[in-house]
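Asks: Sequence plus predicted model, see below.
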Amino acid sequence: MSTAPDQTAAPPVAVPVGMRRYLVVVSHRTVRWAFLGSLIARLTQTMVPLALLLFAQHHLGGLGAAGAVVASYAATASVGFLVIGRMVDRRGPYILVIAAAINAAGIIALVVLPAPFIWLLAAVAGGSTPPLGAAIRSVFIRSFGRPSERTSALSLDTIGTEVMFIAGPALVAALVVVASPRTALLIAAVVSLVGTGLFTAMAGRSTGEHSRATTRSRRLLDRGLLALAPLLPVVAMQMAAVGFIEVGVIARATELGSTSAAGVLLAVWAAGSVVGGLAFGTRDWPGGIRRQCAVLLGLTGLGFCTLLTGQSLAVLYPLMFLAGLAISPAATTLATICGLLAPARSRTEAFTWLASATGLGGAGGYALGGVLVSHTNAGTAFLIAAAIPVLAVVLVLTLPARRLSGGTGGGTEASALLHRSPASA
């Protein structure tokens, strides 16, 4: 007598490999359009600092005053990110559109009102900049349950951010040639509002992940965010190292008699980061997320250390590409860890803390690196930049392994900390 085959066992779910993992991300309709909206808005946000610097330089009569205006914009943006991110978690993503409208009004007023108002309006525009990077990462974490999908999504976001920081200033340069910094600022203000509106319309209430209980919260700080305390110094240290490298590259290009080569060297460096990020998101990697982050930070430091051997431009170009390979993957693991450690009710705010640590770390790297190379040479900046990620590894290894069990490797399901159904949120 023949026996009917057992049809109760569910077939294994095929996990996409290679570049097909990115197709899974962009095939998600809500995520696809929300990501596009965030990229549009963030492109204009990368335009504003340079356009504002050029505009303020013309109207205030010097780079010193113009630099202070941009610093005011950046400082208030870092604080504003935290406030707006908290409001998004408590009230919903429509807060982003309100912030974008205030931001656009501030920039438009800045270019039409007399010069004395530039300082105040730059602070208003900075403080109301919508934290689209934090918001889209919150959407990614909520939309994708498999660690492999989250890794690909966060890798795609890191790569997109890298490209935006290259394309934004380039677009400003083109607009200044054909028009003026004023035109660049006006375009940035309007297009940012459009991108934020598209993101909000597609992301819906999933961005905030808030319930009625969290909406009524009166606490100044969600105690669950204290779990991020060991992570934020790691992020700041990594970005400080990046700042040291950028200053060091400019100094090394000057030492080699070709200051103009600095821009090309940094572009090659960014290309290496993009390639590394793409590769990282195409497969599962061994070990937990904490181990992956530690290894990638170590590789980042090793890559930076190789720049010490670049005594000519011909050698420095390939070294810059290699030094960039681990940067985006390391940033992806740091974002994943942030999503794992943060409580779901405050995830957008958590990512704004990550963004603030990024900004402060980068600013510190630029400032200290500038002082350092002015008294020594580019090699010293490269050496310190190589040491910083290695020191950050020590902090990474202190992160709670139990709470990071839903990492990126192995294709296993996420922990309850990371993946919750809409009903349970």
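Replies: On my side now, so go ahead.
Asks: quick one: low-confidence parts of the stretch 301-425 of the chain?
Replies: Counting by pLDDT under 70, the ranges of the stretch 301-425 of the chain that qualify are 402-425.
Asks: could you pull out the helices for it?
Replies: 313-324, 327-341, 347-375, 378-396 (DSSP state H, counting those that start in this stretch).
Asks: Now find how far off-centre the last one is within its chain.
Replies: From the chain centre to the centre of helix 378-396 is a distance of 20 Å (Cα atoms, centre = their mean, to the nearest Å).
Asks: looking at the helices of the stretch 301-425 of the chain, which is closest to P131?
Replies: Closest of the helices of the stretch 301-425 of the chain to P131 is helix 347-375, at 4.8 Å (criterion: Cβ to Cβ). C-betas here are computed from N, CA, C, even on glycine.
Asks: State the number of residues packed around the nearest residue to V390 once chain neighbours are set aside.
Replies: Residue nearest to V390 in three dimensions, not counting chain neighbours: G301, with 4.3 Å by Cβ to Cβ, 6 or more residues apart in numbering. Close neighbours of G301, defined as other Cβ atoms under 10 Å, add up to 22.
Asks: Kindly report the same for R20.
Replies: Neighbour count of R20, defined by other Cβ under 10 Å: 12.
Asks: what's the answer for S27, then?
Replies: Per other Cβ under 10 Å, the neighbour tally for S27 reads 10.
Asks: Ok, T309 next?
Replies: Counted with other Cβ under 10 Å, the neighbours of T309 add up to 12.
Asks: if I read this right, D157 contacts L36, doesn't it?
Replies: No - the criterion here is Cβ atoms under 8 Å, and D157 misses it with L36 at 11.9 Å.
Asks: So for these two, which residue has more residues nearby?
Replies: Neighbour totals were compared for D157 and L36, and D157 leads with 26 against 17 (other Cβ under 10 Å).
Asks: Please, which helix or strand holds the more buried one?
Replies: Assigned by DSSP states H and E, D157 belongs to helix 147-178.
Asks: Give the next helix or strand downstream of that helix.
Replies: helix 181-203.
Asks: Kindly spell out which helices and strands sit in contact with that next one.
Replies: In terms of contacts (3 or more Cβ pairs under 8 Å, 6 or more residues apart in numbering; DSSP states H and E), helix 181-203 is packed against helix 29-60, helix 94-112, helix 132-143, helix 147-178.
Asks: Pull out the buried residues from it.
Replies: Within helix 181-203, the residues that count as buried by 16 or more other Cβ atoms under 10 Å are 181-189, 191-193, 195-200, 202-203.
Asks: starting at the chain centroid, how far to stretch 298-311?
Replies: With Cα atoms, centre = their mean as the basis, stretch 298-311 stands 23 Å off its chain's centre.
Asks: switch to numbering from 270
Replies: With the count now opening at 270, the last piece we talked about shows up as stretch 567-580.
Asks: got the contact list for that stretch?
Replies: With contacts defined as Cβ atoms under 8 Å, 6 or more residues apart in numbering, stretch 567-580 is touched by 507, 510, 514, 517, 521, 584-585, 588-589, 591-596, 599, 648, 651-652, 654-659, 662.
Asks: So, low pLDDT: which residues of the chain?
Replies: 270-287, 474-491, 671-694.
Asks: Domains in it, by residue range?
Replies: Domain segmentation of the chain under automatic domain parsing yields 291-481, 494-677.
Asks: Please state the offset of the longest one from the chain centre?
Replies: So the one you mean is domain 291-481. With Cα atoms, centre = their mean as the basis, domain 291-481 stands 11 Å off its chain's centre.
Asks: Touching stretch 450-458 from outside, list them.
Replies: The contact list for stretch 450-458, computed with Cβ under 8 Å, 6+ apart, reads 313-314, 316-317, 320-321, 323-324, 327, 372-373, 376-377, 379-380, 440-441, 444-445.
Asks: My guess is A325 contacts L390. True?
Replies: No - between A325 and L390 there is no contact, the gap being 10.7 Å when judged by Cβ under 8 Å.
Asks: Settle it for me: which of the two has more neighbours?
Replies: Ranked by neighbour count (other Cβ under 10 Å), A325 and L390 place A325 first, with 26 against 21.
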